[in-house]
Structure formats: structure tokens, C-alpha cells
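1. task: produce atomic coordinates for the following.
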Amino acid sequence: MQVIKAMTDKERELFATFKIAIEAERSAQAMYQKAVDLCEEPALKSILIGFYDDEVRHEKEVSARYLQYKAEFGIESA
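-> As a prediction, this is how the structure comes out:
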């Protein structure tokens, strides 16, 4: 692992938080997808799909920051 820039303690904690957040977003997506599959009421199903889409968007945003940190700090595996 080639360190490009040293992380501060706060940056290290934020990086770890991003990783946890990505896992949480994926878990939420699975939960909402299951709810969508179980739901028969069109209006509620539409709301649940919106929630699912929000979680996908959140995951993309957090993943982008996570990957930015990996590149910025030269982290190869995490």
C-alpha cells in the first residue's frame, strides 16, 4: 500500500463510517425491495419504490466519497 497522504484521526473515522454507511444503504435497499415485492397497494408500492430509489442514490453518493478517500490516501484494500 502506497500512502499518498496521511489520514487524520477524523478522516480515518469518516472513512470507516462511509464503509458502514454503504453496508447500511444496501441493507435498506434489500428491506425496501422486499416490501415492494410484498405490497399489493399501488400507492404504497410507489412510495416504497421511491424509498428504494433514495437508498440507491445514497449508496452512490457515499460510495463516491469512499472511493475518493481511497484514491486520495492511497488505500488499496478496505
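2. can you pull out the helices in the protein?
-> For the chain, the helices defined by DSSP state H occupy 9-38, 42-73.
3. in the last one, what's buried?
-> This means helix 42-73. Neighbour-count burial for helix 42-73 flags 48, 51, 52, 55, 58, 59, 62, 66, 69, 73 (criterion: 16 or more other C-beta atoms under 10 Å). (Glycine included, C-beta is placed from N, CA and C.)
4. residue ranges with poor pLDDT in this protein?
-> 1-3, 78 (pLDDT under 70).
5. list just the nearest of the buried residues of helix 42-73 to residue 28.
-> residue 55 (4.4 Å; C-beta to C-beta).
6. my read is that that closest one contacts residue 28, right?
-> Yes - contact criterion C-beta atoms under 8 Å: residue 55 and residue 28 qualify, at 4.4 Å.
7. related to what we said a few turns ago, for the buried residues of helix 42-73, give me TSV that also has distance to residue 19.
-> Shown next, in TSV, are the buried residues of helix 42-73 (distance: C-beta to C-beta, whole Å):
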residue	distance to residue 19
48	26
51	22
52	21
55	16
58	14
59	12
62	9
66	6
69	10
73	13
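8. and the furthest pair within the residues you listed?
-> Top of the distance list for the buried residues of helix 42-73 (C-beta to C-beta): 48 and 73, 37.4 Å.
9. is it true that residue 48 touches residue 38?
-> No - taking contacts as C-beta under 8 Å, residue 48 lies outside contact range of residue 38: 9.2 Å.
10. how many other residues sit next to residue 15?
-> Other residues near residue 15 number 19, with proximity taken as other C-beta atoms under 10 Å.
11. before we move on, what about residue 36?
-> By other C-beta under 10 Å, neighbour count at residue 36 equals 16.
12. so for it, what's the nearest residue that isn't a sequence neighbour?
-> residue 48 (4.8 Å; C-beta to C-beta, 6 or more residues apart in numbering).
13. quick check: that neighbour vs residue 70, distance?
-> 32 Å (C-beta to C-beta, to the nearest Å).
14. same deal with residue 19?
-> 10 Å.
15. cool, residue 18 as well?
-> Relative to residue 70, and taking C-beta to C-beta, residue 18 is found at 10 Å.
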